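Visitor: after the sequence you'll find the predicted model.
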Amino acid sequence: MDLVKTVEWGRKENVNLLRAIVLSNVPLCTSDDTIGKVLNTVKVFGRTKICSRRGDVTGRLLFILVEASADLEPDVIPPKIGIENEVGPWSVHLVRSLVAQNPAPEGDPFQLKLQALLQQEGKSMDEVRALIMGKQSPTSDLSVDLVDAIEKLVDRCNQVPNDSPGYRKLRLFSGLKPVPPGEEEYEIWMEQAAQMISEWQCPEAAKKQRVVESLRGPAADMVRFLKVRNPSATADEYLAALETAYGTTESGFDLMATFRHTYQESGEKLSVFLYRLDKLLHKALLKGGIDAVGINRARMEQLIKGALTNDMVALQLE
């Protein structure tokens, strides 16, 4: 995780940046209790709160965002923490040390991100300008890797950011009963998650991260274990695992049979009928009753077959 993203992460979670640290190299399956136990070994942290967690690019390690109970100073923060012969060590990064290098964006956010990348590479903006203007030889100090990194940074900046109008966060779901305040029932959460995954215009890794960020408790543990067993699992496979635990007990075959015998009711709008078909199709997809490539065809066939004979829109579709 680069420097700018660390600061942006803290601001997004409404964390006091003067009291925030980020732990890195934390194994994926590490529980909050274990993390809290390690944090308690450092007295200067005081009471701590685990605010958020994010996976690294490998999918095997975590970054943990933590807020302490008092302001933290760089000279008293240990570079690594852990419990000898039990867990760790994990690297500790003081967020306030990054704030001065990465102030809240007032101008071009891309320029701020580029400056942070150059700081990490030990290069200057002048060296980049020299390369672009053709004044730097191929054997110079400015590595090809840095040029590639800049190109990737440009690509990332052209993607839809998390806080743009095109991105809606998922509601929270834990699988606990009764449903805790601020969380959703499974059916409502799954319905929103399925819709959002199909709408998000972002890489698969970002989709998976957004699903994980919406989960708490047993539901989060289930997806975490799936990631350990299968690091390449997709966001749809995350939903399929949750459907197995919290969804209907009907098989994919039974759900498709129900779908094939679903018809528009008298007085029901065609859009409402289509919505009911979509819900059944998605459940069947999660249960293996239909492949993703066949969904559109199945939906259209049943929409025409099951619509009322006097529905003008359905007649036009047919």
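Guide: Received it, and whenever you're ready, just let me know what you need.
Visitor: and the closest residue in space to G217 that isn't next to it in sequence, backbone torsions?
Guide: Spatially, and ignoring its direct neighbours in sequence, G217 is nearest to S174 (3.5 Å; Cβ to Cβ, 6 or more residues apart in numbering). Where C-beta positions appear, they are placed from N, C-alpha and C, glycine not excepted. Main-chain dihedrals, S174, degrees, to the nearest 10: phi -120, psi -20.
Visitor: and for S174, the neighbour number?
Guide: 20 (other Cβ atoms under 10 Å).
Visitor: same question, F259
Guide: Neighbour tally, F259, other Cβ under 10 Å: 21.
Visitor: which strand or helix spans it?
Guide: If you go by DSSP states H and E, F259 is part of helix 252-260.
Visitor: after that helix, next one along is what?
Guide: helix 270-286.
Visitor: elements contacting that following helix?
Guide: Counting contacts by 3 or more Cβ pairs under 8 Å, 6 or more residues apart in numbering; DSSP states H and E, helix 270-286 packs against helix 186-199, helix 235-246, helix 252-260, helix 295-306.
Visitor: looking at the ones you listed, which is closest to K227?
Guide: Closest approach to K227 among the helices and strands packed on helix 270-286 is made by helix 235-246 (8.4 Å; Cβ to Cβ).
Visitor: now the angle from the closest one to helix 186-199?
Guide: For helix 235-246 against helix 186-199, the angle by axes from the mean of the first three to the mean of the last three Cα atoms, to 10 degrees is 170 degrees.
Visitor: give me every residue that touches L285.
Guide: Counting by Cβ atoms under 8 Å, 6 or more residues apart in numbering, L285 makes contact with D236, D291, A292, I295.
Visitor: repeat that for 7 Å
Guide: Taking Cβ atoms under 7 Å, 6 or more residues apart in numbering, we find L285 in contact with A292, I295.
Visitor: relative to M300, how far out is it?
Guide: 16 Å (Cβ to Cβ, to the nearest Å).
Visitor: flag every buried residue along stretch 74-86.
Guide: For stretch 74-86, burial by neighbour count (16 or more other Cβ atoms under 10 Å) applies to I77, I81, G82.
Visitor: in the stretch 51-200 of the chain, which segments are predicted with low confidence?
Guide: For the stretch 51-200 of the chain, the stretches flagged by pLDDT under 70 are 98-168.
Visitor: the residue nearest to E243 when sequence neighbours are not counted: how many residues sit nearby?
Guide: Using Cβ to Cβ, 6+ apart and skipping residues adjacent in sequence, the residue nearest E243 is L286, 4.1 Å away. For L286, the neighbour count with other Cβ under 10 Å is 23.
Visitor: got the contact list for L286?
Guide: Per Cβ under 7 Å, 6+ apart, neighbours of L286: L239, A240, E243, G247.
Visitor: switch to 8 Å and redo it
Guide: Per Cβ under 8 Å, 6+ apart, neighbours of L286: D236, L239, A240, E243, G247.
Visitor: what is the lowest-pLDDT residue among those?
Guide: pLDDT across the contacts of L286 is lowest for G247, at 77.
Visitor: against K279, how distant is it?
Guide: Here G247 is placed at a distance of 12 Å from K279 (Cβ to Cβ).
Visitor: which residue is the nearest non-sequential neighbour of D254?
Guide: Per Cβ to Cβ, 6+ apart, closest to D254 is G289, 7.9 Å.
Visitor: tell me which element that neighbour falls in.
Guide: G289 belongs to no helix or strand, assigned by DSSP H and E.
Visitor: correct me, but it touches E250?
Guide: No. In this structure G289 lies outside contact range of E250 using Cβ atoms under 8 Å: 9.1 Å.
Visitor: let me see the contact set for P89.
Guide: By Cβ under 8 Å, 6+ apart, P89 lies in contact with K80, I81, G82.
Visitor: what is the nearest of the residues you listed to V179?
Guide: The closest of those to V179 turns out to be I81 (Cβ to Cβ; 35.1 Å).
Visitor: wait, is the closest one part of a strand?
Guide: Yes. I81 forms part of a strand when assessed by DSSP: H, G, I helix; E, B strand; the rest coil.
Visitor: what's it in contact with, if anything?
Guide: Counting by Cβ under 8 Å, 6+ apart, I81 touches L23, V38, L39, T41, V42, G88, P89, W90, V92.
Visitor: buried among those? Make that a PyMOL selection.
Guide: Buried residues among the contacts of I81 (16+ other Cβ under 10 Å), as a PyMOL selection:
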select buried, resi 23+38+39+42+88+90+92
